[in-house]
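Asks: with the sequence up front, the predicted model follows.
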Amino acid sequence: MKSIEPIIIAGGGPVGVIAALAFARQDIPVQVFEAESRVNDNPRAATTHAATLTMLEDLGLVEEVIRRGPAGHPHAGFPGSSFEKRTA
């Protein structure tokens, strides 16, 4: 079997970490490089877009993210998302 070189991800923020998780769950090796020594407790994002919630649902993480996130996710009921029914 041919070995696969790891995918390198620059940045351990939400996008980098979720991308790394998605690759790892497909058995694709990945390395994340982050300049900061700890997780930022004050992320800049104020909302979570419906497409992001759908991706998190596919990874089995959406319920935990919603539970820990701010109340009333404005985009959680975005028309066409799988979360539209949850907020109706």
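Replies: Cool, the structure landed.
Asks: mind listing what the spatially most central residue of the chain touches?
Replies: Closest residue to the average C-alpha location of the chain: Ile18 at 4.1 Å, with Cα atoms, centre = their mean. Ile18 is in contact with Met55, Leu56, Leu59, counting by Cβ atoms under 8 Å, 6 or more residues apart in numbering. For every residue, glycine as well, the C-beta is placed using N, CA and C.
Asks: out of those, who's the most crowded?
Replies: Leu56 (19 neighbours; other Cβ atoms under 10 Å).
Asks: so that residue: helix, strand or coil?
Replies: Assigned state for Leu56: helix (three-state reduction, DSSP: H, G, I helix; E, B strand; the rest coil).
Asks: against Ile18, how distant is the nearest residue to it once chain neighbours are set aside?
Replies: Closest residue to Leu56 apart from its sequence neighbours, by Cβ to Cβ, 6 or more residues apart in numbering: Val62 at 4.2 Å. Distance, Val62 to Ile18, by Cβ to Cβ, to the nearest Å: 11 Å.
Asks: what sits in contact with each of these two?
Replies: Going by Cβ under 8 Å, 6+ apart, residues that sit against Val62 and also against Ile18 are Leu56.
Asks: centre of the chain to the helix or strand harbouring Ala22, how far?
Replies: In the assignment (DSSP states H and E), Ala22 maps to helix 14-24. Relative to its chain's centre, helix 14-24 lies at 7 Å (Cα atoms, centre = their mean, to the nearest Å).
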